[in-house]
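In: Curious how this folds, go ahead:
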Amino acid sequence: MGPRVWLRVMIGLHAAFGVVAALAVLTILTNTQSESWGRPASLAAIAAIVVAYVLAGRIGLTAARVSRRGRALILVYLVVLVAGIGVLAHTEPDTLFIFFIVYAQVWSLVDRPAAGAGWSLLIVTASIVGMALRPASDRPGLVSLISNQAIGVAFALLMGIWVHSLFDRSREQARLIEKLESARAEVAALERERGAQAERERMARDVHDTLAQGYTSILMLTRTAVAQLGADPAAARERLELVEEVAVENLAQARALVAAQSPVELDGTSLRDALTQLAGRFTRETGIAVDIRFAPEPRDPGAAGPGPSGLRPDEELTLLRAAQEALTNARRHASPTRVSLTLATADPGEATLRVVDDGVGFAVGTEAGSGLVGLRRRVEKAGGELVVTSAPGGGTQVLARVVRARSGS
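Out: Down below sits the predicted model:
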């Protein structure tokens, strides 16, 4: 049972006990037929029960399930309750309506059905003994007395066992809910960790596809400029100007990443223009001409929504990243003499980028580094495919294809 539900049960029991005790006192004070010593004895019994409840039973209700002290307090209260019921049955039988709250208290105080049944039988036995000790002219027959009390205690036992079964189910449900909440917390933690891991992977891909490639260009241009300083100062100056240009672009990329915005190459420009700029910079940096070709595109690129190819900006960005990775690998590893770049966007919602070089090639599956691996994940996440074809001495072809999913009929 949850803490709030148990608190409401306790408040109800306290209130009911107070009402019943007040009614018992009122019954004693208004009974004019009781013996002279009976009224003080009855009031003393009620007072003892109330004091024991305030000092022991009330505390035991909240402490019983967490400490020995709580169980000891409950034992004290139940003993006083049995004795008090016996006294009331002997001196003032009309007050025995307090059974209404007494049985409920017993089954609320004990934590096992056997204990509840035992104390209920003790209480009803005390009431029978107390009434049996009354004067013969003022007590019911023994059979009637036992049968009347037996009906009450039987009802109390049935209700107590039923209530305990409800408590047991409530406690089991509480344990299950606690386990469920714990499992949910673990799942949420795993989801957060997975999200953080995905974000780290995304940032790693973005850094590799932007800043790392820019720094590679700066490093190669700087080395070339240093080598040309003595022999060809004009060429060295040109290389240093390119270093400045690449550094400026890298700075813009870094700011875009920090701001969690789309990289600047496609900020306000088309995929075709971005590829043209990329190919031009590759040629200036390496001296290798790039044969760049485009299939027909709609003339009006539009200001929002899918781009000229019918792809979203993030899908076009994926193709741009594929071109960047292919050209970077060609420059760093392939030593090509010719490079071709083709973008085909003839069908709306579909685009294919093909980068081919005549460099040294490699055995597919043996490539080192994370560039192609990260690029493949990026393309597949965009709903496309990446195919790399190469062989030692046979050049390399990188083909990235992205297809916008069409709504089914």
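
In: where along the stretch 201-350 of the chain do the helices fall?
Out: Counting by DSSP state H, counting those that start in this stretch, the segments of the stretch 201-350 of the chain that form helices are 213-228, 233-258, 271-286, 313-329.

In: for these, which one ends up most surrounded?
Out: helix 313-329 (a mean of 23; mean count of other CB atoms under 10 Å). Where C-beta positions appear, they are placed from N, C-alpha and C, glycine not excepted.

In: Report the mean per-residue pLDDT for it.
Out: Averaged across helix 313-329, pLDDT comes to 85.

In: And stretch 396-408, by the same measure?
Out: So the average pLDDT for stretch 396-408 ends up being 77.

In: could you measure the closest residue to residue 314 other than its chain neighbours against residue 348, distance?
Out: Of all residues not flanking residue 314 in the chain, residue 382 sits nearest, at 6.8 Å (CB to CB, 6 or more residues apart in numbering). Applying CB to CB, to the nearest Å, one obtains 16 Å for the distance of residue 382 from residue 348.

In: Report how many residues lie close to residue 154.
Out: 12 (other CB atoms under 10 Å).

In: Is it within a helix or a strand, and which one?
Out: In the assignment (DSSP states H and E), residue 154 maps to helix 142-207.

In: how far is the helix or strand hosting residue 378 from where the chain is centred?
Out: For residue 378, the element it lies in under DSSP H and E is helix 371-381. From the chain centre to the centre of helix 371-381 is a distance of 29 Å (CA atoms, centre = their mean, to the nearest Å).

In: what angle separates that helix from helix 313-329?
Out: Counting by axes from the mean of the first three to the mean of the last three CA atoms, to 10 degrees, helix 371-381 lies at 160 degrees to helix 313-329.

In: Export helix 371-381 to PDB, keeping only CA atoms.
Out: Extracted in PDB, the C-alpha atoms of helix 371-381 (Å, rounded to 0.1, in the frame of the first residue of the first chain):
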ATOM      1  CA  GLY A 371      36.400   8.700 -42.700                       C
ATOM      2  CA  LEU A 372      34.600   6.200 -44.900                       C
ATOM      3  CA  VAL A 373      33.100   4.300 -41.900                       C
ATOM      4  CA  GLY A 374      31.500   7.600 -40.600                       C
ATOM      5  CA  LEU A 375      30.500   8.600 -44.100                       C
ATOM      6  CA  ARG A 376      28.700   5.300 -44.700                       C
ATOM      7  CA  ARG A 377      26.800   5.700 -41.400                       C
ATOM      8  CA  ARG A 378      25.800   9.200 -42.400                       C
ATOM      9  CA  VAL A 379      24.600   8.200 -45.900                       C
ATOM     10  CA  GLU A 380      22.700   5.200 -44.500                       C
ATOM     11  CA  LYS A 381      21.100   7.400 -41.800                       C
END
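
In: And residue 382 and residue 348? Which one has more around it.
Out: residue 382 (22 against 14).

In: pretty sure the more buried one is touching residue 316, no?
Out: No. If you go by CB atoms under 8 Å, residue 382 and residue 316 don't touch, sitting 9.5 Å apart.
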